[in-house]
Every structure is written in C-alpha cells, then in structure tokens.
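K.L.:
Fold the following, please.
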Amino acid sequence: MKSALFLLSTLLGLGTYGQNLVPNGSFEQYTGSCQFGVGYANMYDWVRPDCGQWPGFGHACNNGLGNGSGTPQGGLGYQEPVEGVGYAMLWTLRMNSQLYPDGNPQVYVSVDLTTPLVAGQRYCMRFYANLVDSASYKTTALHALFWYGVPSACNQADSTWDDQAQITFDITDVDTMNWKLLEGSFVANGGEVNLTIGSFLFDSEIISTFLGSHPIHGDNALYLIDDVWVWACEVGVEEHTNDRLRLYPNPATDLVRIALNAGEEMGTVSVLDVQGRTVLQQAFRGVQAELDVSGLSSGAYVVQLRTERSVLSAPLQVVR
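P.N.:
All right, here's what the predicted structure looks like:
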C-alpha cells in the first residue's frame, strides 16, 4: 500500500504554506439563495463521485431556516468553523442500515485542483477535523486520493481506494471538543488533477469505538472537515517513488512494455482509467511484460502493478 500514516502529533515540517491548489477549501462559496438554504450540492468546485452518497454541509447562510444546517449551532451539535462560516460533513460509519453495506456509507468530498500535479514533486496537505457532538461511534482513518479525474464509486470501485490513496490520516484522537489539524505529504506521479477525501475502509477493515447511542440521529460516526489545503511543499523535484516501474513508449498507441529496474516480481498488472475503473488486466511475472492498449481510447490512464509486497503505479498516456 502506498499510503503513509501520519499521527496528529508528528512534526512533519509542513508549517510553511505555499499556494493552495484546492479552490474553495473552506467551503464558503456557493450558488443559490440563503432564503431557501444551501447544501453541499450548492458548493462551488466541490462534487461527489458517481454512486457516492451526498456529504453533509453546514453554513451560517442557513441559520434562519431552523432545519439544523447552520453554523456554529446545527442539528448535530455545536462547532465554530475553523475558517469563515462553513464546513463539510463526512460519515465514516453507519450501522444497522441495509442501504449502506459493510458499514461504510460511501460519503466522499471531491474537488478538482487548480493545476495538475508535477511528477516527482512532493506535495503537502492539511485540513482540520472534528467529531460531531451527536456521533455514536468514532473511527480511525480518513484518506486522501489524488487522481486523474473524479473517481467513480460505482460497483464498489471505492473498496480499492485505500490501496490507491496517497495519504492516510489517523483520526483516532479527533474528538468533539476541538478541531484537530491533520497533515501529510506524498510525491506525485504527475498529472493528478483531483482530490477526493473520505474513509475508504470496508468490512473488517473498519475499526470503530462505541461512544453512546443517539437514536434521533442514528448509530453513526460523523466528522466535520474544514480549511483544506494542498501545496508544493518543497522547491524542486525529488526522486520518483515508483522509479522501479518504467513504461515505454509513453505516450503509446498499441503495445506498451512494462519493465522493473530491479528485482523480479509476480502479481497482476492493471490499467485504470481516470475514474478508477480497471479497463485492462493481466498476470505479471519476472521483470518485464507487454500490454496491448490498442483497444483503449485516447486519454490518461494509470498502470498499476500489484504484488504481495507492494503496489507500484505509473501514469500512461494513450494517443490515437
């Protein structure tokens, strides 16, 4: 798994912020009128993946509606936003509901970055999280997936996102009292243009702690997030983390050779489209193989080699 676990107390040296690549990172800008209320669907820039459920949203614009969607006092509890007057809400666990298999409600926030990421560049990310007052459970992890477009959660494609996520945030110590700053960094493959945040764990992967029953709001774990930042945290480009995996020619039209710089591997090589769907797959054994991409449309893809020990990936461009 490429994910790197970052504890809240870890000092990562990320205190100097560059230009934020996340538009509307504090969930302030919206379309519509306060007279009728605004929800997550009214947010500029932010969307939800296909087949994902709608995130929650709180904003001071809704304070006069009496429906619990305002800030800082809402129907789920009280919390001042970190920045401005709005924040998003992510469910990481819902229990005893047939609508949400595996206990994961598949609630994700997704946004296109203001510029694509540069290969080999280290990027820093940070945001704030808080557990709502009425949560019955708390869980252990949120993830950040940087992809080549808005990923699709259809057909449970999101069950593989924890392996593809560049950063996993430890939220064990996030509580109902104060906002907790979550920080992490990763080295980009290059060309990633979208950020999706949520919990990508299913079945036995979900670790939860029961806090107390809240029958009005159901048995769930619900977190607020605010003030999302992504920036190039170092000047210059460092060595690519997946330099073991080489593709050539790239761009390609028909045959692509996959080669490992060192060491034999045995596993499965897959080609994924910008929505995270597997469009081509075959066995891999040794140090090189060929992929026939002649049946693929022009566009950006990711070649992923999955073995028992690791997951290696590299961007691929198909041209016609």
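
K.L.:
all helices of the stretch 201-320 of the chain, in order?
P.N.:
Counting by DSSP state H, counting those that start in this stretch, the stretch 201-320 of the chain has no helices at all.

K.L.:
Please enumerate the strands of it.
P.N.:
Listed in chain order, the strands of the stretch 201-320 of the chain (DSSP state E, counting those that start in this stretch) span 209-210, 220-232, 245-248, 255-260, 265-272, 278-286, 288-292, 299-307, 311-318.

K.L.:
List the strands paired with the third one, with their directions.
P.N.:
Looking back up the chat, that one is strand 245-248. Using DSSP bridges, the strands paired with strand 245-248 in its sheet are strand 255-260 (antiparallel).

K.L.:
Can you tell me which of the strands of the stretch 201-320 of the chain is most buried?
P.N.:
Mean neighbours per residue, mean count of other CB atoms under 10 Å, is largest over those for strand 220-232, with a mean of 23. Quick note: C-beta positions are derived from backbone N, CA and C, even for glycine.

K.L.:
distance between it and the chain's centre?
P.N.:
Strand 220-232 sits 10 Å away from the centroid of its parent chain (CA atoms, centre = their mean, to the nearest Å).

K.L.:
Equivalent analysis for stretch 299-316, please.
P.N.:
17 Å.

K.L.:
which stretches of the stretch 101-250 of the chain have low pLDDT?
P.N.:
101-102, 215-217, 234-243 (pLDDT under 70).

K.L.:
give me that answer again for 50
P.N.:
Applying pLDDT under 50 to the stretch 101-250 of the chain flags the ranges 101, 235-241.

K.L.:
Show the residue spans covered by the strands in the stretch 1-150 of the chain.
P.N.:
Using DSSP E, counting those that start in this stretch, strands in the stretch 1-150 of the chain cover 4-6, 46-47, 56-59, 73-74, 77-78, 86-94, 108-112, 122-131, 137-138, 141-147.

K.L.:
and the third one, what does it pack onto?
P.N.:
Right, strand 56-59. strand 86-94 (3 or more CB pairs under 8 Å, 6 or more residues apart in numbering; DSSP states H and E).

K.L.:
helices or strands up against the strand it packs on?
P.N.:
Applying 3+ CB pairs under 8 Å, 6+ apart, one finds that strand 86-94 contacts strand 56-59, strand 108-112, strand 141-147, strand 194-198, strand 220-232.

K.L.:
Partner strands of it and their direction?
P.N.:
Paired neighbours of strand 86-94 in the sheet (DSSP bridges): strand 56-59 (antiparallel), strand 220-232 (antiparallel).

K.L.:
Let's have those strands in TSV, adding distance to Gly86.
P.N.:
Converted to TSV, those look like this (distance: least, CB to CB, whole Å):
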stretch	distance to Gly86
strand 56-59	4
strand 220-232	8
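
K.L.:
got the buried residues for stretch 54-61?
P.N.:
Using 16 or more other CB atoms under 10 Å as the test for burial, stretch 54-61 gives Pro55, Gly56, Phe57, Gly58, His59, Ala60, Cys61.

K.L.:
What average pLDDT does it get?
P.N.:
Regarding stretch 54-61, the rounded mean pLDDT is 92.

K.L.:
Can we start the residue count at 18 from this point?
P.N.:
In the new count, where the first residue is 18, that last one comes out as stretch 71-78.

K.L.:
In PDB, list the C-alpha atoms belonging to it.
P.N.:
Coordinates of each C-alpha in stretch 71-78 appear next as PDB, following Å, rounded to 0.1, in the frame of the first residue of the first chain:
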ATOM      1  CA  TRP A  71     -24.200  13.100  -0.600                       C
ATOM      2  CA  PRO A  72     -21.900  14.700   2.100                       C
ATOM      3  CA  GLY A  73     -23.400  16.900   4.800                       C
ATOM      4  CA  PHE A  74     -22.900  20.600   4.900                       C
ATOM      5  CA  GLY A  75     -23.200  23.400   7.500                       C
ATOM      6  CA  HIS A  76     -23.200  27.100   6.700                       C
ATOM      7  CA  ALA A  77     -24.200  30.300   8.500                       C
ATOM      8  CA  CYS A  78     -26.400  31.100   5.500                       C
END
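
K.L.:
Give me the contacts around stretch 46-58.
P.N.:
For stretch 46-58, contacts defined as CB atoms under 8 Å, 6 or more residues apart in numbering pick out 59-63, 65, 71-74, 76, 78-79, 81-82, 84, 86, 103, 105, 126.

K.L.:
swap that for stretch 306-322, sorry
P.N.:
165-166, 181, 206, 208, 262, 264, 269-275, 282, 284-291, 296-297, 299, 301, 328-337.

K.L.:
Distance to Asp192 for the helices and strands packed on strand 103-111 - can I get that in a markdown table?
P.N.:
Shown next, in a markdown table, are these (distance: least, CB to CB, whole Å):
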| stretch | distance to Asp192 |
| --- | --- |
| strand 73-76 | 18 |
| strand 125-129 | 21 |
| strand 158-164 | 15 |
| strand 211-215 | 19 |
| strand 237-249 | 11 |
